[in-house]
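1. Prediction below, plus the sequence it came from.
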Amino acid sequence: MSRAVCSALIAGMALPAGAAHAADADAWEITGSNTARVEYYNISGDDTASPYAFDGTQAFNEFNLNTTRRYSPYRTFRGQLMGLVNDSDYRFPDDGLQAERVNLYYEDGSGPMPLRLEGGDTFSYLSYRTFQRSLKGAQFELQPRPEVGGARHSLLFFSGANQVQWNDWDWSADNSSGASWLVEQGALGSLSFNLVYNDLEAADAGTLDQSQWVSSLAGETNVTLGSHNINLEAEYAYFDGDHAGDFDPEDGQDRDDSGIYAQLIGQAYRQLSYRLRYEEYGYDFRPRGSVVFNDRRSYEGHLGWQFQRGVSLRGRVQAYEDRWDSVNQLDTDIYGLDLTGNLFALDTGTVTGRVRVFREEVEDAFNSIDRDTDVIDASANLPFGQQTSLDLRAAWRSTDDAVLTDADEDTLELDATLNRQIRWGAFSGAISPGISYRDIDAGPSQGDDWSPTIAINLSSAAHSFRASYNYLDQNRDAATAQSVSTQAASLHYHYAFARHELGIDANWYDREPNAAEDTQASRVSVYWTWYFDRPATSSALAAAPSRLSPAASLDGPMPLDAGVLTRLSPGQSVDAVLAKMAASGAPAPSRQGEVIIYELPLLASVTQRQRVAITHRAGIVDKVALVVDFADDGAPQTAQQTFEQMRDVLLRREGAPAATFETGEFDADYRTAVNSNRLIRNVEWQTGQGVLRLGIPRRIDSSVRIEVQHAPAFAPPRNTLWSIDEVR
């Protein structure tokens with residue numbers, strides 16, 4: 001639990017009751033949009049291999065209405081209604097008029113007892129180990145005003161049902177209620193107690209009703225020892241109740257277990273960083289609102305050094321003991337080094353990139369698994385003047401299996417993409433042809449893959465055009481393996497004028513296996529969006545960042561951590577931002593069109609590749625983003641944990657989100673689910689300079705990754721094509 005739970009109302013708590021009222025803050029503000037969309041799908045050949053499940057015409061009309069009344073800077077009412085009229089098998093399970101998200105929110109930080117009340121679709125967050133879940137219900141937070149110099153208290157209560165759709169709302173199916181008491185005493189830190197009850201009704205005859213209690217005690221403090229600033233946090237959680245059981249539902253009845261978490265994060269000399277982490281979760285520790293691995297004990301050590309010339313070196317040692325509470329323990333040990341930043345200099349500019357090396361050793365107690373994997377992965381951006389650059393990547397992975405001799409495998413990957421900035425009249429952007437090669441030596445997939453690609457991005461004040469084409473030729477040597485060639489093309493165009501946007505999306509897919517039936521599939525979608533607001537302002541997509549007056553300051557030190565995403569904001573001068581990044585020790589950036597890209601990890605707890613992207617127009621920052629790749633071979637649960645770790649970091653920094661929109665699950669086909677809008681994750685915070693959004697956007701090239709963007713505004717959450725496509 002973090003002190004950030006209090007952050008949204010702490011400013012109001014410092015004021016006397018009724019102290020801050022703005023004379024011009026009494027009007028209702030109404031914003032929203034309505035989108036009418038018609039789609040046509042065509043599938044031929046082997047439809048089981050098609051990316052689409054239904055063909056023919058699909059149509060729907062969706063609306064998003066938001067209303068706000070600001071009685072004072074510390075007293076606000078907000079309401080949101082999202083719904084649609086549906087006649088599409090893709091958009092919603094049921095036809096007709098549907099409500100998707102309903103939310104009422106009231107906050108008063110200026111009264112005698114600061115409070116926050118929220119109903120409808122809410123997001124309740126206690127800790128990573130106890131409860132972090134979207135509910136349809138109510139949430140109430142109360143913050144008694146402290147005496148001068150006294151401790152600050154926050155009391156949080158929530159209750160709701162974990163349901164996807166309002167029209168199927170069933171309290172008994174899966175409901176949760178909880179409470180949290182947080183005490184924060186200045187330099188001493190914070191202490192919190194959390195309690196959650198969950199009740200789950202049996203879904204069918206083969207399952208049992210389940211109820212469970214989860215409680216935890218968590219603490220956090222920050223200390224300074226000489227030149228070292230150290231943050232310490234720990235939590236002990238206890239589970240008592242029922243879970244599904246692994247083999248028999250009866251095995252999960254009336255169980256109890258515990259979870260332990262401790263972490264130390266330190267920084268010194270503005271260059272040294274280190275992190276130690278320990279977690280332990282028993283076999284029966286299975287809270288339904290948490291996102292931890294049960295039956296796992298883990299140890300992590302990370303050490304980093306930021307060199308003055310814009311290079312950072314990080315080392316890590318990780319040990320995971322899965323099934324540690326069982327008979328056959330599975331051990332995974334990882335040792336790795338990660339070098340990012342300015343690699344070397346050329347006459348045409350600085351070469352930036354990343355070199356990642358690690359070894360993974362996996363072995364179980366019964367010796368049925370004994371596997372070592374070595375990985376070397378290097379990527380670099382080579383500038384050739386102001387308009388052209390070349391992205392290069394080489395990766396080698398070697399797996400040595402001591403148990404399964406036919407599972408040994410060596411894989412070599414080579415990628416090259418040329419980026420050329422272009423201007424055509426009022427349009428600016430980039431064109432990026434590329435080619436990828438993969439050679440797989442041994443193993444059931446032995447063979448090679450070739451994949452030429454091309455992507456183009458062009459935009460002006462009113463027009464936006466994005467397109468990509470990918471050809472993949474997979475040649476397999478084994479007689480039992482199937483060689484396949486696949487083609488995929490995507491296109492998006494929209495024209496924005498006044499409060500309207502007209503657009504078209506098109507996708508084409510062709511799969512030709514050498515020993516099976518071919519598959520062809522296509523999709524064409526046309527839409528019209530009308531943005532309405534009162535008082536009249538520019539639409540969410542057309543908001544001009546140059547008109548913003550950001551309160552974020554570039555003065556003073558700026559640590560290269562998650563705080564960069566809000567210190568840098570829409571409306572700032574791009575030259576001032578670049579100067580601040582350089583002064584803070586960031587590496588030299590690369591450029592793709594009007595996007596500036598830094599190879600820079602901001603989140604110490606995330607080991608995947610991270611890049612900072614800054615988009616600009618006419619010398620003014622438009623968006624600031626952090627792009628985090630998913631692991632190429634990561635399991636759905638690992639992908640979900642990466643997202644939840646990032647949400648946890650931002651919740652701690654920014655406090656309760658202003659809006660959360662979630663649909664779909666991280667299943668085995670989660671990448672396809674993202675690209676078909678079946679899996680959506682959007683979490684938003686109001687920053688004063690715009691909106692900070694964490695999510696998994698849809699991309700024109702169909703790749704999947706996590707992005708955190710700080711932008712003036714965003715289109716409705718169902719419009720997921722908001723990725724920065726120039727960052728590949």
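-> Received the coordinates, thanks.

2. so where's this protein shaky on pLDDT?
-> Low-confidence segments of the chain (pLDDT under 70): 1-26, 205, 480, 534-552, 632-635.

3. other SSEs contacting the helix or strand hosting Asp257?
-> Using DSSP states H and E, Asp257 maps to strand 255-268. Helices and strands touching strand 255-268, by 3 or more CB pairs under 8 Å, 6 or more residues apart in numbering; DSSP states H and E, are strand 228-241, strand 272-281. Every residue, glycine included, has its C-beta placed from N, CA and C.

4. Relative to Thr352, which of these is closest?
-> strand 272-281 (20.1 Å; CB to CB).

5. Just the buried residues of stretch 303-315, please?
-> 304, 306, 310-312, 314-315 (16 or more other CB atoms under 10 Å).

6. Give me the contacts around it.
-> For stretch 303-315, the surrounding residues in contact (CB atoms under 8 Å, 6 or more residues apart in numbering) are 270-274, 302, 316, 336-343, 560, 585-588, 600-601, 604.

7. Report the contact partners of Gln271.
-> Here Gln271 is in contact with 305-308, 585 (criterion: CB under 8 Å, 6+ apart).

8. give me that answer again for 7 Å
-> 305-306 (CB atoms under 7 Å, 6 or more residues apart in numbering).

9. mind listing the strands in the stretch 401-550 of the chain by residue range?
-> 409-424, 427-441, 447-459, 463-476, 484-497, 500-513, 519-534 (DSSP state E, counting those that start in this stretch).

10. Save the ones you listed as JSON lines, and put in mean neighbour count and distance to Glu321 too.
-> Below are the strands of the stretch 401-550 of the chain laid out as JSON lines (neighbours: other CB atoms under 10 Å; distance: least, CB to CB, whole Å):
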{"stretch": "strand 409-424", "mean neighbour count": "16", "distance to Glu321": "26"}
{"stretch": "strand 427-441", "mean neighbour count": "18", "distance to Glu321": "31"}
{"stretch": "strand 447-459", "mean neighbour count": "18", "distance to Glu321": "36"}
{"stretch": "strand 463-476", "mean neighbour count": "18", "distance to Glu321": "37"}
{"stretch": "strand 484-497", "mean neighbour count": "17", "distance to Glu321": "39"}
{"stretch": "strand 500-513", "mean neighbour count": "17", "distance to Glu321": "42"}
{"stretch": "strand 519-534", "mean neighbour count": "18", "distance to Glu321": "44"}
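
11. so which of these gets nearest Gly206?
-> strand 519-534 (35.5 Å).

12. Output the contacting helices and strands for the closest one.
-> Counting contacts by 3 or more CB pairs under 7 Å, 6 or more residues apart in numbering; DSSP states H and E, strand 519-534 packs against strand 28-45, strand 500-513.

13. Would you mind putting the ones you listed into JSON lines with distance to Asp209 alongside?
-> Conversion of the helices and strands packed on strand 519-534 to JSON lines gives the following (distance: least, CB to CB, whole Å):
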{"stretch": "strand 28-45", "distance to Asp209": "41"}
{"stretch": "strand 500-513", "distance to Asp209": "44"}
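
14. For Val708, which of those is the nearest?
-> Going by CB to CB, the one of the helices and strands packed on strand 519-534 nearest Val708 is strand 28-45, 22.6 Å.

15. Now tell me what touches the closest one from outside.
-> Strand 28-45 is touched from outside by 50, 52, 54-69, 517-535, 716, with contacts defined as CB under 7 Å, 6+ apart.

16. Over to stretch 705-713?
-> 540, 543, 545, 548, 565-566, 569-570, 623-630, 642-643, 646, 687, 690-697, 723-724.

17. Now restrict those residues to buried residues only.
-> Looks like the contacts of stretch 705-713 have 540, 543, 545, 548, 565-566, 569-570, 623-630, 642-643, 646, 687, 690-697, 723-724 buried, using 16+ other CB under 10 Å.

18. What's the local residue count around Asp94?
-> 10 (other CB atoms under 10 Å).

19. What distance do you get for it to Val164?
-> Asp94 sits at a distance of 12 Å from Val164 (criterion: CB to CB, to the nearest Å).

20. Could you pull up phi and psi at Tyr269?
-> Here is the backbone geometry of Tyr269 (degrees, to the nearest 10): phi 60, psi 20.

21. in a strand, that's where Gly336 is, yeah?
-> Yes: assessed with DSSP: H, G, I helix; E, B strand; the rest coil, Gly336 lies in a strand.

22. from memory it sits against Phe358, does it?
-> Yes: Gly336 lies in contact with Phe358 (CB atoms under 7 Å); the separation is 3.1 Å.

23. and the closest residue to Arg476 other than its chain neighbours, how far is that from Ser134?
-> Leaving aside its sequence neighbours, Arg476 sits nearest to Gly447 (CB to CB, 6 or more residues apart in numbering; 4.0 Å). With distances taken as CB to CB, Gly447 is found 43 Å from Ser134.

24. Among the contacts of stretch 705-713, which ones are in helices?
-> Residues from the contacts of stretch 705-713 lying in helices, with DSSP state H as the criterion: 565-566, 642-643, 646.

25. Tell me the one among the residues you listed nearest to Met113.
-> Thr566 (28.8 Å).

26. Identify the residue spatially nearest to the closest one, adjacent ones excluded.
-> Here the residue nearest Thr566, using CB to CB, 6+ apart, is Thr687, at 5.5 Å.

27. quick revisit: would you turn the helices and strands packed on strand 255-268 into CSV with mean neighbour count?
-> Below are the helices and strands packed on strand 255-268 laid out as CSV (neighbours: other CB atoms under 10 Å):
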stretch, mean neighbour count
strand 228-241, 18
strand 272-281, 18
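
28. what would those strands look like in CSV with distance to Glu107?
-> Shown next, in CSV, are the helices and strands packed on strand 255-268 (distance: least, CB to CB, whole Å):
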stretch, distance to Glu107
strand 228-241, 27
strand 272-281, 34
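
29. closest one to Gln80 among those strands?
-> Closest among the helices and strands packed on strand 255-268, using CB to CB: strand 228-241, at 32.3 Å.

30. can you give me the angle that closest one makes with strand 255-268?
-> Following axes from the mean of the first three to the mean of the last three CA atoms, to 10 degrees, one obtains 170 degrees for the angle between strand 228-241 and strand 255-268.

31. Quick check: which helices or strands does strand 228-241 pack against?
-> By 3+ CB pairs under 7 Å, 6+ apart, strand 228-241 packs against strand 210-225, strand 255-268.
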